[in-house]
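predicted structure and sequence below. I'll ask about it afterward.
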Amino acid sequence: MASYSLGSMTAGTTTGAVPVDQASHRSPAVGPQAAVRLLVGTRKGAFIAESDVDRREWRLHGPCLPGHQIMHMAFEPRSGILFSAGGEPWFGSRVYQSWDFGRTWDAPASGPIIPAGSNEKLEKVWHVTPGRALDPGVVHAGVEPAAMFKSGDDSATWLHIESLSHHPTRSQWQPGAGGLCLHTIVLDPLERDRALVAISAAGVFRTDDGDTSWRHANNGTRANFMPDQEPVYPEFGQCVHKVVPHPARPGRLYQQDHCGVYRSDNWGDSWTEITAGMPSDCGFPIAVHPHDPDTLYVCPGNSGYHHWVPDGQLAVYRSRNAGETWERLSKGLPQTDAFHSGRHGDRPARNPGPVSRYEHRPALHLGRRGRQLGTLPSDVPTDPQRGHDRIGGRPSGRAARP
């Protein structure tokens, strides 16, 4: 396993940012003093933004893994490992791990591998999810073309979950615009054998027997993709964009689909549409409040080939009653010529507010409880002398991975 030191993570100029130490040309270490951290994956690498509990001043670190296309990031608090999932032809598709919150990264010899004899080729690792509290060392990964892998050694080696890849409907799964990707894995924290995955554009699948078998979980979700098409509710084939659970209410799930927003209170046995009150059915980001299971946030976008927000006015919609009603939040967001397109995101961990990534001059718009606090722009200036591409070993005094 190689170890890459990707240079000191530089803090860029952001709204109220803490300045870089000019003497050392190093950004302040990403340490336990930060109350809030945002993990941001981009086509240029990974970035980490941190702030205190008020979230009014932000410090930006990165790029980590510069040049890598980072699809997803996840932190495992028990082991202290930060995982980054990526994939492109040049670097390959694998899950990287950092033991010092992004300052250095371990690159496994290989990532998940499609079994020999298949006519498919691994394109990207779209998603990485650490295991349950009772499963130390376990990590799950979702990839393109749609498949699921499981590791028992913190992503050093991977086991292909054949039961999902051999599902009876597998030959009928169709890719969405982003490919046939498994982009969401949700683990039931109470029932060890239950998990749910979302595949675009095949729908939601659930296992109740520890990955031995999988069944469709799309009852109540539409798949009428054309504007003049009547609603249809097939067993599978939905273009689900994201599913998020709530840790305090097992069974409560929210889904942003190409054809609407939905809520489930029974682990996907059935879904109730809650789209009414929003300007569009389509969207990508969806987040649930970390403490209130009835509060959620979405960012509607135009469907079809118009990949920008309705009327060119960027807004987040919030519901405080599980989707019964919605309120539009736009303070601080661009309201003219906002040809943004929200992409897949993840739910906030300790920060009750939406965080989304956008295309067309991408930026992070940060807010708390609907109050816009600032923007981390994509064109953060960096110092070319800071050696982002330097390769080296683990920091001195840092224990090796057990």
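That came in fine, so what should we check first? Residues are numbered from 1 along each chain as shown.

for this structure, which spans come out with low pLDDT?
1-33, 304-306, 340-402 (pLDDT under 70).

any idea how it splits into domains?
As recorded under automatic domain parsing, the domains making up the chain are 2-277, 278-380.

where along the stretch 101-250 of the chain do the strands fall?
104-107, 124-130, 139-144, 147-151, 159-160, 181-187, 195-200, 203-207, 215-216, 240-245 (DSSP state E, counting those that start in this stretch).

possible to save those strands as CSV with mean neighbour count and distance to residue 55?
Heads up, the C-betas are built off the backbone N, CA and C, glycines and all. Below are the strands of the stretch 101-250 of the chain laid out as CSV (neighbours: other CB atoms under 10 Å; distance: least, CB to CB, whole Å):
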stretch, mean neighbour count, distance to residue 55
strand 104-107, 20, 27
strand 124-130, 25, 25
strand 139-144, 27, 29
strand 147-151, 23, 33
strand 159-160, 14, 39
strand 181-187, 23, 26
strand 195-200, 27, 29
strand 203-207, 23, 32
strand 215-216, 16, 40
strand 240-245, 24, 20
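
which of those sits closest to residue 88?
Closest to residue 88 of those, according to CB to CB: strand 124-130, at 7.3 Å.

quick one, the closest one and strand 181-187 angle?
Between the axes of strand 124-130 and strand 181-187, defined by axes from the mean of the first three to the mean of the last three CA atoms, to 10 degrees, the angle is 10 degrees.

just list what strand 124-130 packs against, helices and strands only.
The contact analysis (3 or more CB pairs under 8 Å, 6 or more residues apart in numbering; DSSP states H and E) places strand 124-130 against strand 70-76, strand 81-86, strand 94-98, strand 139-144, strand 181-187.

could you dump that strand to CSV, C-alpha only?
Taking Å, rounded to 0.1, in the frame of the first residue of the first chain, the C-alpha atoms of strand 124-130 are listed here in CSV:
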residue,chain,number,x,y,z
LYS,A,124,-15.9,4.9,-10.9
VAL,A,125,-16.4,4.4,-7.2
TRP,A,126,-19.4,6.6,-6.5
HIS,A,127,-20.1,6.1,-2.8
VAL,A,128,-18.3,4.9,0.3
THR,A,129,-20.0,4.2,3.6
PRO,A,130,-18.4,3.0,6.9
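
quick one: strands adjacent to that strand?
Within its sheet, and counting by DSSP bridges, strand 124-130 is paired with strand 139-144 (antiparallel).

what angle separates the strand it pairs with from strand 195-200?
Going by the same axes, to 10 degrees, strand 139-144 makes 20 degrees with strand 195-200.

got the angle for strand 139-144 vs strand 94-98?
140 degrees.

chain center to strand 139-144, what's the gap?
12 Å (CA atoms, centre = their mean, to the nearest Å).

got a list of contacts for that strand?
By CB atoms under 8 Å, 6 or more residues apart in numbering, the residues outside strand 139-144 that reach it are 76, 83, 85, 87, 93, 95, 112, 122-131, 148-151, 154-155, 158, 179-185, 187, 195, 197.

close enough to count as contact, residue 198 and residue 236?
No - contact criterion CB atoms under 8 Å: residue 198 and residue 236 do not qualify, at 11.6 Å.

count of residues packed around residue 334?
19 (other CB atoms under 10 Å).

roughly how far apart are it and residue 143?
Going from residue 334 to residue 143 by CB to CB, to the nearest Å gives 34 Å.

again, but for residue 84
Between residue 84 and residue 143 the computed distance is 14 Å (CB to CB).

just residue 262 next, same as before
Counting by CB to CB - residue 262 and residue 143 are separated by 25 Å.

repeat for residue 336
For residue 336 relative to residue 143 (CB to CB), the value is 39 Å.

how about residue 98?
Taking CB to CB as the measure, residue 98 falls 21 Å from residue 143.

list the buried ones in stretch 225-235?
residue 225 (16 or more other CB atoms under 10 Å).

check stretch 106-120 too.
In stretch 106-120, counting by 16+ other CB under 10 Å, buried: 106-108, 111-112, 114.

what's the answer for stretch 61-75, then?
The neighbour-count check on stretch 61-75 (16+ other CB under 10 Å) flags 61-65, 68-75 as buried.

got it, and stretch 296-305?
By 16+ other CB under 10 Å, the buried positions in stretch 296-305 come out as 296-303.

any chance of a markdown table for those, columns secondary structure?
A markdown table is the format used below for the buried residues of stretch 296-305 (DSSP: H, G, I helix; E, B strand; the rest coil):
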| residue | secondary structure |
| --- | --- |
| 296 | strand |
| 297 | strand |
| 298 | strand |
| 299 | strand |
| 300 | strand |
| 301 | coil |
| 302 | coil |
| 303 | coil |
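
which one of the residues you listed sits closest to residue 278?
Scanning the buried residues of stretch 296-305 for proximity to residue 278, where the rule is CB to CB, the winner is residue 300, at 5.0 Å.

just list whatever residues bridge to the closest one.
Residues in beta-bridge contact with residue 300 (DSSP bridges): residue 283.

which residues touch it?
Shown in contact with residue 300 (CB under 8 Å, 6+ apart): 278-283, 309-310, 315, 317.

show me where this structure has its helices.
Per DSSP state H, the chain carries helices over the ranges 162-165.

show me what contacts residue 238?
Residue 238 makes contacts with 201-204, 218, 221-223, 257-259, as judged by CB under 8 Å, 6+ apart.

which one of those sits in the busiest neighbourhood?
Counting by other CB under 10 Å, top hit in those: residue 257 with 29 neighbours.

pretty sure residue 133 sits against residue 190.
No - judged on CB under 8 Å, residue 133 makes no contact with residue 190 at a distance of 10.6 Å.

what residues are shared contacts of these two?
With CB under 8 Å, 6+ apart, residue 133 and residue 190 have no common neighbours.

show me what counts as buried in stretch 243-254.
Using 16+ other CB under 10 Å as the test for burial, stretch 243-254 gives 243-246, 250-254.

that older thread, list just the nearest of the buried residues of stretch 61-75 to residue 328.
residue 72 (28.3 Å).

ok, now which ones touch the closest one?
41, 84-85, 125-128, 183, 346.
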